[in-house]
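Engineer: structure for the following, please:
(one chain, ligands or ions: 1)
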Amino acid sequence: MPTYKAPVEDVKFLLNDVFHMERYGNMPGFADASPDVVAAILEEAAKFAEEVVTPLNRVGDLESCTRHPDGSVTTPKGFKEAYRQMIDGGWVGISVPTEYGGQGLPATMTTIVSEFIASANLAFSMYSGLTQGAIAAILHHASPAQKQTYLPKMTTGEWTGTMNLTEPHCGTDLGMLRTKAVPQSDGSYKITGTKIFISAGEHDMTENIIHLVLARIEGAPQGVKGISLFIVPKFFVNADGSVGARNGVMCGSIEHKMGIHGNSTCVMNYDNATGWLLGEANKGLNAMFTMMNEARLAVGLQGLTQSEVAYQNAANYARDRLQGRSISGVKAPDKPADPIIVHPDIRRVLMSIKSCNEAARTLVLWTALRADIQRRSDDEKARQAAEDHMGLLTPVIKGMLSDTGFANTVAAQQVFGGHGYIGEHGMEQFVRDARITMIYEGANGIQALDLVVRKLGRDGGRAITAFFNEVSAFVKANGDEAMKPYVAPLAEALAQLQQATMWFMQNAMKQPDNAGAGSSDYLHLFGLVALAYMWAQMAKTAQDKLKNGANGSEERMKAKLVTGKFFMERVLPESAAHLKRITTGADTMMALPADAF
Ligand SMILES: Cc1cc2nc3c(=O)[nH]c(=O)nc-3n(C[C@H](O)[C@H](O)[C@H](O)COP(=O)(O)OP(=O)(O)OC[C@H]3O[C@@H](n4cnc5c(N)ncnc54)[C@H](O)[C@@H]3O)c2cc1C
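Structural biologist: Now for the predicted structure:
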């Protein structure tokens, strides 16, 4: 059985020592998140994830969800009870404003708790994860009355939320969607259509499910400019807030899929269902983007979570499994063979994953803090800069962390040899579960296009220029001998990223396929630079702590310095290959006619 240990000390290091969370004390909610309070939340969340949620991961995988003839869906054994504990612990709404029953804590805290729970059980985590996205969309776009109707019960987790975009003939290209909305005299709409692949569309864990549904109002323009967003509850909500009659929405079937078996992936049939407009008519994508951007960051985080739990199990296995002798001399003479962790090739795998995971967590928290600034700061300039950062980094985090997360689960599986391929150790489940993160919330090819085609040039390149300036300033300020192993490779990769950006400016306008042909490489090049920048910051902090008294964390700080150096020496050099591919352009990629494939 696989195990999971939440990285509580690592998170504390990042919040307290690298990012100095106390600096943000003037923003709403941050004063309440003192180091003691944060430590207590982390301990409790870790306990819940490790003891309650982890044991259900394999159960969910083996049992899956079951749809019954009446359209109801039963989740795997134990999910309902664990979800009840999620409600009792108040985990869903820790960052929701107190006026809707939340605790008003920084969104960064939700990100951390989400990491722990999703590492423990990705399928289980999605029920509350989607609810948090739906809460965000309602908070930012709904009317005061709608907020009062839906948010309190969603904040406690008593009602879950879903996002309904995909239809059989339209996934990426939402402009083609057909679900229609017919206005009624009372201001509501009748929604009719079929949505597919709807995560947590139906289940038995809560008394109501609040669907956010994209549809086209009769007579609205074709394409994305005619799409509106609707709130469609499974059960109507009575004036006193209680659950009333059933609405016209049913789960038609559930998918049998590669992974995340414990999460119900539903075909949802809307048959004259009553819905209410959320935000403005024909601006539905704008409102849905609030949810999608939250979800994209969450999916990037999901990539990290599967990489982390797979890594932990691979490291444990490598310490125990006895095979062969070390090529540099016997290391365990009392045993019939050395543990495989002595072999450089096993080290290569473990160090690669470890160095990616620790930087990925840093990147996620750095961005989560920016999300808090964007929403909570009273400084307009800071809010604008944070918004720029979020726009630029969202596709990078989604694409890079899910691609590397999946690759890392495969690498961790390799540490188990044949034992990784069979079910017992759970490694093949991590591989299967991680795979979806590269696909949903916009397949990674689309994230790369979003980055290159939409985000780079936006506002005259303001966001990318700010990123370049920030990393360059760090490099300049930390040119001392001790920091050289970190900042010299970072500076080199940054120059490559700048060169790639310039190349697009010069070559993508005249030949647009050049942008598409290089976009995935660009996203990965960007991701490598961002992760390297995270390592440079961690290295600086670790060096400072070792100099000024590390208070018992000496070994961890030394390990940080070694792991960061490994990343610079062994992972970052991929940047050169990405640059080379980008500057090759689209010619050979696009030369053959379609029927030559
Ligand atoms: C388990 C699971 C859960 C899901 N949960 C939800 C959910 O809760 N709600 C929801 O609404 N949807 C959900 N989805 C749907 C998911 O978001 C879509 O599958 C995804 O967005 C891709 O759409 P598609 O499958 O139609 O692929 P397509 O859009 O057909 O794309 C196929 C391939 O072509 C590429 N492609 C498409 N257009 C372009 C282009 N212009 N340029 C370059 N490449 C392009 C894509 O990157 C992809 O690789 C889920 C899917 C799964 C499998």
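
Engineer: helix/strand/coil for G259?
Structural biologist: Assigned by DSSP: H, G, I helix; E, B strand; the rest coil, the conformation of G259 is coil.

Engineer: just checking, it touches D433?
Structural biologist: Yes - using C-beta atoms under 8 Å, G259 is in contact with D433, at 4.0 Å. C-beta: built from backbone N, CA, C; applies to glycine.

Engineer: more crowded one of those two?
Structural biologist: Set G259 next to D433 and count neighbours by other C-beta atoms under 10 Å: D433 wins out with 30 against 20.

Engineer: what helix or strand is the more buried one located in?
Structural biologist: Applying DSSP states H and E as the criterion places D433 in helix 427-435.

Engineer: which residue is the nearest non-sequential neighbour of whichever residue of the stretch 251-400 of the chain sits closest to the ligand?
Structural biologist: Of all residues in the stretch 251-400 of the chain, the one sitting closest to the ligand is T265 (4.4 Å; C-beta to the nearest ligand atom). Spatial nearest neighbour of T265, excluding adjacent residues (C-beta to C-beta, 6 or more residues apart in numbering): E255 at 4.2 Å.

Engineer: retrieve the pLDDT associated with that neighbour.
Structural biologist: You'll see E255 listed with a pLDDT of 96.

Engineer: count the neighbours of it for me.
Structural biologist: Residues within reach of E255, counting by other C-beta under 10 Å, total 14.

Engineer: quick one: the one residue in the stretch 101-250 of the chain that gets nearest to the ligand from P512, how far?
Structural biologist: Closest residue of the stretch 101-250 of the chain to the ligand, C-beta to the nearest ligand atom: G171 (1.8 Å). Distance check for G171 against P512: by C-beta to C-beta, to the nearest Å, it reads 22 Å.

Engineer: give me the more crowded residue out of these two.
Structural biologist: For the pair G171 and P512, the greater number of neighbours falls to G171 (18 against 12), based on other C-beta under 10 Å.

Engineer: coming back round to it: between G259 and D433, which contacts overlap?
Structural biologist: Shared contacts of G259 and D433 (C-beta atoms under 8 Å, 6 or more residues apart in numbering): 61, 122-123.

Engineer: secondary structure, neighbour count and distance to the ligand for those - can I get that in JSON lines?
Structural biologist: Supplementary listing: the shared contacts of G259 and D433 in JSON lines, determined by DSSP: H, G, I helix; E, B strand; the rest coil; neighbours: other C-beta atoms under 10 Å; distance: C-beta to the nearest ligand atom, whole Å:
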{"residue": "D61", "secondary structure": "helix", "neighbour count": "22", "distance to the ligand": "14"}
{"residue": "L122", "secondary structure": "helix", "neighbour count": "27", "distance to the ligand": "11"}
{"residue": "A123", "secondary structure": "helix", "neighbour count": "28", "distance to the ligand": "10"}
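
Engineer: how far does stretch 429-442 stretch from start to finish?
Structural biologist: The stretch stretch 429-442 measures 23 Å between its terminal residues, going by C-alpha to C-alpha, to the nearest Å.

Engineer: how far out from the middle of the chain is that stretch?
Structural biologist: Relative to its parent chain, stretch 429-442 has a centroid offset of 11 Å by C-alpha atoms, centre = their mean, to the nearest Å.

Engineer: so which bits of it are buried?
Structural biologist: For stretch 429-442, the neighbour count (16 or more other C-beta atoms under 10 Å) marks 429-438, 440-442 as buried.

Engineer: again with stretch 541-551
Structural biologist: The neighbour-count check on stretch 541-551 (16+ other C-beta under 10 Å) flags 541-543, 545-546, 550 as buried.

Engineer: stretch 566-581 now?
Structural biologist: Going by neighbour count (16+ other C-beta under 10 Å), the buried part of stretch 566-581 is 566-568, 571-572, 575, 578-579, 581.

Engineer: among the residues you listed, which one sits closest to the ligand?
Structural biologist: The nearest member of those to the ligand, counting by C-beta to the nearest ligand atom, is R581 at 16.6 Å.

Engineer: which pair in the buried residues of stretch 566-581 spans the largest distance?
Structural biologist: Using C-beta to C-beta, the pair of those lying farthest apart is F566 and R581, separated by 24.1 Å.

Engineer: how about low-confidence regions in the stretch 101-250 of the chain?
Structural biologist: Scanning the stretch 101-250 of the chain for pLDDT under 70 picks out nothing.

Engineer: re earlier: neighbours of the residue of the stretch 251-400 of the chain closest to the ligand, how many?
Structural biologist: Neighbours of T265 (other C-beta under 10 Å): 22.

Engineer: just want the phi and psi numbers for it.
Structural biologist: The phi/psi pair for T265 (degrees, to the nearest 10) reads phi -110, psi 110.

Engineer: any idea of the pLDDT on it?
Structural biologist: So, for T265, pLDDT stands at 98.

Engineer: what does the one 3 residues further on give?
Structural biologist: The model reports M268 with a pLDDT of 98.

Engineer: could you look up the SS state of it?
Structural biologist: strand.

Engineer: my read: it touches T192, true?
Structural biologist: No - judged on C-beta under 8 Å, M268 makes no contact with T192 at a distance of 11.8 Å.

Engineer: distance of the residue nearest to T265 from S264?
Structural biologist: As defined by C-beta to C-beta, E255 lies at a distance of 9 Å from S264.

Engineer: can you check T409 too?
Structural biologist: For T409, the distance to S264 (C-beta to C-beta) stands at 23 Å.

Engineer: hmm, the helix or strand bottoming out on mean pLDDT in the chain touching the ligand?
Structural biologist: Lowest by mean pLDDT, DSSP states H and E among the helices and strands of the chain is helix 284-320, with a mean of 94. No - residues of helix 284-320 contacting the ligand under C-beta under 6 Å from any ligand atom: none, with a closest distance of 8.4 Å.

Engineer: for the helix or strand that that helix is followed by, packing partners?
Structural biologist: Moving toward the C-terminus from helix 284-320, the next helix or strand (DSSP H and E) is helix 344-376. If you count contacts as 3 or more C-beta pairs under 8 Å, 6 or more residues apart in numbering; DSSP states H and E, helix 344-376 packs onto helix 8-12, helix 107-120, helix 284-320, helix 380-415, helix 513-548, helix 554-566.

Engineer: elements contacting the helix or strand hosting V487?
Structural biologist: Using DSSP H and E, V487 falls within helix 484-507. Applying 3+ C-beta pairs under 8 Å, 6+ apart, one finds that helix 484-507 contacts helix 458-477, helix 513-548, helix 554-566, helix 574-584.

Engineer: with distance to T274 added, can I get the helices and strands packed on helix 344-376 in a markdown table?
Structural biologist: As requested, the helices and strands packed on helix 344-376 are exported to a markdown table (distance: least, C-beta to C-beta, whole Å):
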| stretch | distance to T274 |
| --- | --- |
| helix 8-12 | 43 |
| helix 107-120 | 31 |
| helix 284-320 | 17 |
| helix 380-415 | 33 |
| helix 513-548 | 41 |
| helix 554-566 | 55 |
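
Engineer: so which residues on the stretch 251-400 of the chain come close to the ligand?
Structural biologist: 257, 265.

Engineer: swap that for the chain, please
Structural biologist: Taking C-beta under 6 Å from any ligand atom as the criterion, the contact residues of the chain with the ligand come out as 163-166, 171-172, 197-199, 257, 265, 436, 439-443, 445-446, 449.
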